[in-house]
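[1] Below are the sequence and a predicted model for it; my questions follow.
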Amino acid sequence: MSVRTVPILMYHSVATAPNEATRALSVAPEAFAEQMAMLADLKFTPVTTAELARSWREGAPLPERPVLVTFDDGYEGVHRHALPALAGHGFASTLFVSTGWIRGAHDTGGGLDTMLGWDQVRELAGAGVEIGGHSHTHPQLDQLPDDALRFELVHCAEIITDELGTRPVSFAYPYGYSSRRVRRTVRETGYRQSLAVGNGLARRSQGPYALQRVTVRRNTDAEEFERLVQGRAIARNFARDRALTKGYAVVRRARQACRKAIRSRV
C-alpha cells in the first residue's frame with residue numbers, strides 16, 4: 001500500500017458486555033486482540049495521528065505500511081482491554097477524549113457507558129498513547145453558534161493540558177460532523193490536525209483537518225477487517241452509511257439555516 005493512502009481505524013468501546021447505547025460501535029476484547037494480531041501479521045505499523053499529519057505536512061518518513069488505531073469518547077475498556085493488546089505488539093494509538101465524559105472533577109454526566117478516569121488517561125499517555133481532543137460535551141459542532149463552538153474546543157484543550165501537562169495537538173469531530181467554519185475554528189484554537197469519519201482511506205489531499213477514517217464495529221469480522229485495512233471494497237461495505245450521512249447532512253444544514261434566520265430576526 002502506498003503511503004499516499006493510510007487506513008485510520010475508528011474504535012469506540014472495547015467491552016465484553018457493552019450497554020445498548022454503545023453496543024453497535026463496541027468491539028469485543030477478543031476481537032480487538034485478533035485484529036491487532038492481524039495488523040502485525042500483515043506487517044502494518046501503527047503510528048499516531050500527530051505522526052501521520054507531521055509526515056504529510058513536513059515530509060517526515062513513515063513506515064512502509066502505516067495504519068492508525070484511534071479511539072473516540074474515552075471508554076474504560078480502552079485501558080482495561082485495548083492497552084494490553086496494543087502493548088503486546090508495541091503499537092502506537094490515539095485516544096480522543098470528550099473531557100466532560102471522563103470521570104473526575106470535570107464530569108458532566110454525559111458518558112454513555114463506563115468511562116475512563118483521569119488516572120487511567122494518564123496511564124495511557126504514559127504508555128505512549130497520544131491523547132487528543134474530542135470536545136467537552138460531545139455535541140454536533142456544526143450546529144453550535146460560534147461562542148459555544150469555541151468553548152467546546154478551548155475548554156477541552158485546557159482540561160487535557162491541566163490533567164496531563166501537555167496540550168493536545170490532534171482532534172476528532174464528534175459524530176464525524178464538521179463544516180468549513182468548524183474546521184477553521186479547530187485550527188484557530190491550536191489543534192494541528194483533525195479526523196472526520198467518511199469511511200474511506202486517509203489521503204494527503206484531504207488536508208490535515210478532514211482526514212477520513214473507517215469504522216470498526218461489533219459485527220466487523222476478520223474477513224471484513226482485513227478488507228478495510230487493505231483498502232478493498234470500502235465503498236461497498238459502507239454504502240448504506242454514506243447514504244445516511246448525506247441525507248442527514250441536508251437535515252443539519254436546514255436546521256442550521258433555520259437557527260440563523262431566527263437569530264437574525266431577534
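    Alright, I've got the coordinates.

[2] For residue 64, give its distance to residue 44.
    Residue 64 sits at a distance of 9 Å from residue 44 (criterion: CB to CB, to the nearest Å). For glycine as for every other residue, the C-beta is placed from the backbone atoms N, C-alpha and C.

[3] neighbour-wise, which of those two wins?
    When residue 64 is set against residue 44 and neighbours are counted by other CB atoms under 10 Å, the residue ahead is residue 44, at 25 against 11.

[4] Now do the strands in the chain.
    In the chain, strands defined by DSSP state E lie at 5-6, 8-11, 45-46, 66-73, 94-97, 130-133, 170-172, 193-198, 202-203, 211-215, listed in chain order.

[5] residues contacting residue 148?
    Contacts for residue 148 (CB atoms under 8 Å, 6 or more residues apart in numbering) come out as residue 139.

[6] and the gap between it and residue 139?
    Separation of residue 148 from residue 139 (CB to CB): 8 Å.

[7] before we move on, what about residue 169?
    22 Å.

[8] So which residues of the stretch 101-250 of the chain form helices?
    Secondary structure of the stretch 101-250 of the chain, counting by DSSP state H, counting those that start in this stretch: helices at 118-126, 146-164, 180-188, 222-230, 234-237, 239-265.

[9] Out of the ones you listed, which gets the lowest mean score?
    Note on the helices of the stretch 101-250 of the chain: lowest mean pLDDT is at helix 239-265, with a mean of 47.

[10] Pull the distance from stretch 44-55 to the chain's centre.
    Counting by CA atoms, centre = their mean, to the nearest Å, stretch 44-55 is centred 14 Å from the centre of its parent chain.

[11] same question, stretch 15-25
    Centroid separation for stretch 15-25 versus its chain: 17 Å, with CA atoms, centre = their mean.

[12] Can you list the buried residues in that stretch?
    Buried residues in stretch 15-25, defined by neighbour count with 16 or more other CB atoms under 10 Å: 15, 18, 22, 25.

[13] mind giving me a markdown table with those residues and columns for pLDDT and distance to residue 187?
    Listed next are the buried residues of stretch 15-25 as a markdown table, based on pLDDT from 0 to 100; distance: CB to CB, whole Å:
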| residue | pLDDT | distance to residue 187 |
| --- | --- | --- |
| 15 | 98 | 34 |
| 18 | 97 | 34 |
| 22 | 97 | 30 |
| 25 | 96 | 27 |
